[in-house]
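>>> output the structure for:
(2 chains)
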Amino acid sequence: MQQTPTVPEARAFAVRSRTDLGEPILSVRGLKTHFVMDEGTVRAVDGVSFDVHPGEVVGIVGESGCGKSVALKSVLRLIQKPGRIVAGEIMYRRPGRNGARPELELDLATLPPLGRRIRQIRGGDIALIPQEPMASFSPLHTIGDQIVEAIRLHDPMSVADARKLAIAKLREVGMPSPEQRFRAYSWQLSGGLRQRAIIAMALSCNPAILVADEPTTAIDVTTQAQVLQLLRVLQQEHGSAIVFITHDLGVIAQLADHVVVMYLGRVMEQGPVRSIFHTPRHPYTRALLQSVPSVHSEARVQLPTIAGGIPHPLYRPPGCPFHPRCPDAMPGTCDVRVPAMVDDGSGQPVACFLHHDVAEADDGA
Amino acid sequence: MHWFILKRLLIIPFLLLIFSVISFVLIQAPPGDFLTSYIAELAQGGTTIDQAQIDALRRQYGLDRPIYMQYLLWVGNLLQGDLGVSLEWRRANVELIGERLVLTLALTTASLIFTWAVAIPIGILSATRQYSALDYVFTVLNYIGLATPNFLLALVLMWIAFDRFGMTVTGLFSPEYAQAPWSWGRFVNLLQHLWLPMIVLGVAGTAQIARVVRANLLDELGKPYSEMARAKGLPEWKLVLKYPTRVAIAPVISTLGWYVPQLLSGGLVVSVVMSLPTIGPLLLRALIGQDMYLAGTIILIFCVLTVIGTLISDILLALLDPRIRMEGN
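Below is the predicted model of the structure:
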């Protein structure tokens, strides 16, 4: 019998409970980001809601093409044409911190994407840790130049002061001989060091939220563990919240407090990390957990896979997007109506008719 | 960086040696020599010349010696700073080439600056506003620019200048300055005449480079480092100019070295049409008349200019891109 993966009892970091964390700092509600093209409309994100609390680590998990990356970039308003946020709100609530930044409550979805206000939020309040550290630094400018630029965009100070701060940040992320690395180019560093430099740049303005797009995909496994460890340590020191996306359930189990499971642009289920791993409610979450190899499973046993493939982005199935691949699909229900995300009080809301009978009002039209 | 430049400087003498052999061989390649075409011309004019005279002339010009001796004589003189004598004009090559070379370089530099100053901003605007009305306008203008032969453009502009403004815009000087020695007035007069051939010669290159910059910039704007700069909160125009543009103009800079010979061949017809006292028509005449020392010297000068142009573009690229600068370190 296949064992599903579990959250390790000896997790390096305690799971935080939402009840201790206060009001959410970021609330995404009904977010829809569509790409309108000549061939048709790709509904990459089609009604996504989740909350991020201060100091919380939220992991968004899903297969490639499920819209997790687009959802994250929508929050930063980095979606390029022909993509556009067509509905929903992205409420950002910044508590005043040391008087340095005033209190703020703002719907990011309504801001012009190149405007001054969103540019102040980007990097300053919500910083991105991109997927490819190699390609995310300009090869023609030194690492130091790019970090100093980030600092001075949000905190007017002299170049000399910004330089000191940048070197301090590089030291903080464990960069060996940071003074020399400050003058280095990204292509002179190893993958792990590049990722550290990117993290130093993201942290340089003390953002309230770190947004990480598959932060460990592009680096090898041993370095991955170090980078995850580093992210978590820094997060605990600075108290920033982290939203990260991954397709790796192992990373989720190690790092996340709260898990959001996405499929075809919609959230299937979300909840505290232990509940998601130990009592998954959505058939998709269960299938996802079963398709991960476990050290407890017998050798040479074929790994269960999820039947079928991800539908073509232009031809989404009607009803619940997962119904064509779902072992528990109910004909006449799941292929007709779109299940809404309903929290029955367990703190683990799920969008599935096996658990409730509430359909999306607009049925995803 | 010093090593980088020094290494390239050290190659230059070897390159020039090879170029001198190739240009000499190419000039000698057509059948016959200067005297054959000279006699043919005389015969066309009804004059005949007897064999004794021909032999005397052949000895006088050294055409009776073996080809390798002719080459060594030419190169030997060049090394001593003697550019030789034109067989046809019976004047020192320095005299013939001198001012034409200066004017050619002035025209080349002007049209290069015009091309870059116009093409790079157009490319940037087109790329950052892809599929906008502005982009389409530039695209149409670019194709018109590319498709119009430059001599035709020259004729049209000359006709407009003459018909509308009563201006004669041929040549590079007004008649009173044409043969005058260099003075401030002559320089100003040159600038007054230079702009039209500058535009005529620059238009096709402008259209081409604008397309290259647009395509490269569109590629670079989609790269993660551009998105990262945006995610830092950098204003869009600062971002475009600081990061992707610097990568996108590299291929443009690398074409600097070819610009001189390209203008020589491409600008030849324009020079003839607009009666520009540049070096192109002189070379054409020398090649037709098999005036081998003049033609060889002009070609070699253009090789030198191409090598210098390439060196300048290498240095500019090294300044632009640290990966080139640190190559081999």
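
>>> drop to CA atoms for contacts and neighbour counts, all remaining ones
Will do.

>>> got the residues of the stretch 151-300 of chain A near chain B?
residue A:153 (C-alpha under 8 Å from any C-alpha of the partner chain).

>>> where does whichever residue of the stretch 151-300 of chain A sits closest to chain B sit: helix, strand or coil?
Going by C-alpha to the nearest C-alpha, chain B is nearest to residue A:153 of the stretch 151-300 of chain A, at 7.0 Å. Recorded secondary structure, residue A:153: helix (DSSP: H, G, I helix; E, B strand; the rest coil).

>>> can I assume residue A:41 sits in a helix?
No - the assignment for residue A:41, made by three-state DSSP, is strand rather than a helix.

>>> excluding its backbone neighbours, what's nearest residue A:197?
Among residues not flanking residue A:197 along the chain, residue A:170 sits closest, at 6.4 Å (C-alpha to C-alpha, 6 or more residues apart in numbering or on different chains).

>>> that neighbour against residue A:200, yeah?
Yes - proximity of residue A:170 to residue A:200 meets the contact threshold set by C-alpha atoms under 8 Å, at 5.5 Å.

>>> comparing the two, which shows the higher neighbour count?
residue A:170 (28 against 23; other C-alpha atoms under 10 Å in any protein chain shown).

>>> tell me the contacts of the more buried one?
By C-alpha atoms under 8 Å, 6 or more residues apart in numbering or on different chains, the contact list for residue A:170 reads A:178, A:182, A:196, A:197, A:200.

>>> relative to residue B:9, which of the residues you listed is nearest.
Nearest to residue B:9, judged by C-alpha to C-alpha, of the contacts of residue A:170 is residue A:182 at 32.6 Å.

>>> what's the neighbour count on the closest one?
Residue A:182: 21 surrounding residues under other C-alpha under 10 Å.

>>> and if you look at the one 3 residues further on?
Residue A:185 is flanked by 20 other residues according to other C-alpha under 10 Å.

>>> also residue B:98?
Neighbour count for residue B:98, taken as other C-alpha under 10 Å: 11.

>>> mind checking the SS state of it?
Applying three-state DSSP: residue B:98 is helix.

>>> so does the helix or strand that contains residue B:237 get close to chain A?
Residue B:237 is part of helix B:236-242 when elements are defined by DSSP states H and E. Yes - among the residues of helix B:236-242, residue B:236 lie within reach of chain A under C-alpha under 8 Å from any C-alpha.

>>> now that helix: how far from the chain's centre is it?
Centroid displacement of helix B:236-242 relative to its chain, using C-alpha atoms, centre = their mean, to the nearest Å, is 33 Å.

>>> so which bits of it are buried?
Under the neighbour-count criterion of 16 or more other C-alpha atoms under 10 Å in any protein chain shown, helix B:236-242 has B:236, B:239, B:240, B:242 buried.

>>> export the residues you listed to a markdown table and tack on distance to residue A:338 and pLDDT?
Converted to a markdown table, the buried residues of helix B:236-242 look like this (distance: C-alpha to C-alpha, whole Å; pLDDT from 0 to 100):
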| residue | distance to residue A:338 | pLDDT |
| --- | --- | --- |
| B:236 | 39 | 91 |
| B:239 | 42 | 93 |
| B:240 | 42 | 94 |
| B:242 | 47 | 93 |
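
>>> close to chain A: what parts of chain B are there?
Chain B has residues B:223-228, B:230-236, B:243, B:247, B:320-323 near chain A, with proximity defined as C-alpha under 8 Å from any C-alpha.

>>> buried ones among the residues you listed?
If you count burial by 16+ other C-alpha under 10 Å, the buried members of those come out as B:223-228, B:230-236, B:243, B:247, B:320-323.

>>> tell me which parts of the stretch 1-150 of chain A are close to chain B?
With the criterion set to C-alpha under 8 Å from any C-alpha, the stretch 1-150 of chain A comes near chain B through A:76, A:78, A:114, A:116, A:118-124, A:127-128, A:130, A:132, A:135-140, A:150.

>>> which of those are buried, as a ChimeraX select command?
Per 16+ other C-alpha under 10 Å, the buried members of those correspond to this ChimeraX selection:
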select /A:76,78,118,119,120,121,122,123,124,127,128,130,132,135,136,137,138,139,140,150
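
>>> in strands, which of the residues of the stretch 1-150 of chain A next to chain B fall?
Judged by DSSP state E, strands contain the following of the residues of the stretch 1-150 of chain A next to chain B: A:127, A:128.

>>> out of the buried residues of helix B:236-242, who's nearest chain A?
After measuring these against chain A - C-alpha to the nearest C-alpha - the closest member comes out as residue B:236, at 6.9 Å.

>>> check contacts around the closest one.
Residues in contact with residue B:236 (C-alpha under 8 Å, 6+ apart) are A:114, B:230.

>>> and with 7 Å instead?
Contacts were defined as C-alpha atoms under 7 Å, 6 or more residues apart in numbering or on different chains; by that measure residue B:236 touches residue A:114.

>>> what's the answer for residue B:48, then?
By C-alpha under 7 Å, 6+ apart, residue B:48 lies in contact with residue B:42.

>>> helix, strand, or coil at it?
Following three-state DSSP, we place residue B:48 in the coil state.

>>> next up, identify which helix or strand the residue nearest the centre of chain B is on.
Note on chain B: the residue nearest the mean C-alpha position is residue B:260, at 2.2 Å, using C-alpha atoms, centre = their mean. Assigned by DSSP H and E, residue B:260 belongs to helix B:256-266.

>>> contact partners of the helix or strand following that helix?
Sequence-wise, the next helix or strand downstream of helix B:256-266 (DSSP H and E) is helix B:268-273. For helix B:268-273, contacts defined as C-alpha under 7 Å, 6+ apart pick out B:150, B:151, B:154, B:278, B:280, B:281.

>>> pull the CA atoms of helix B:268-273 into PDB?
Taking Å, rounded to 0.1, in the frame of the first residue of the first chain, the C-alpha atoms of helix B:268-273 are listed here in PDB:
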ATOM      1  CA  LEU B 268      29.200  54.700 -54.800                       C
ATOM      2  CA  VAL B 269      26.200  55.200 -56.900                       C
ATOM      3  CA  VAL B 270      25.000  58.100 -54.700                       C
ATOM      4  CA  SER B 271      28.500  59.700 -55.000                       C
ATOM      5  CA  VAL B 272      28.200  59.600 -58.700                       C
ATOM      6  CA  VAL B 273      24.600  60.800 -58.800                       C
END
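
>>> pLDDT weak spots in the stretch 151-300 of chain A?
For the stretch 151-300 of chain A, applying pLDDT under 70 flags the ranges A:294-297.

>>> show me where it has strands.
Assigned by DSSP state E, counting those that start in this stretch, the strands in the stretch 151-300 of chain A fall at A:209-213, A:241-246, A:258-263, A:266-272.

>>> columns mean neighbour count on top of these, output as CSV?
Listed next are the strands of the stretch 151-300 of chain A as CSV, based on neighbours: other C-alpha atoms under 10 Å in any protein chain shown:
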stretch, mean neighbour count
strand A:209-213, 25
strand A:241-246, 25
strand A:258-263, 26
strand A:266-272, 26
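
>>> state the distance from residue B:78 to residue B:297.
Distance, residue B:78 to residue B:297, by C-alpha to C-alpha, to the nearest Å: 9 Å.

>>> again, but for residue B:228
Distance, residue B:228 to residue B:297, by C-alpha to C-alpha: 53 Å.

>>> ditto for residue B:58
Applying C-alpha to C-alpha, the value for residue B:58 to residue B:297 is 20 Å.

>>> same question, residue A:84
Remark: distance between residue A:84 and residue B:297 (C-alpha to C-alpha) = 63 Å.

>>> now swap in residue A:23 and tell me
From residue A:23 over to residue B:297 the distance is 82 Å, taken as C-alpha to C-alpha.
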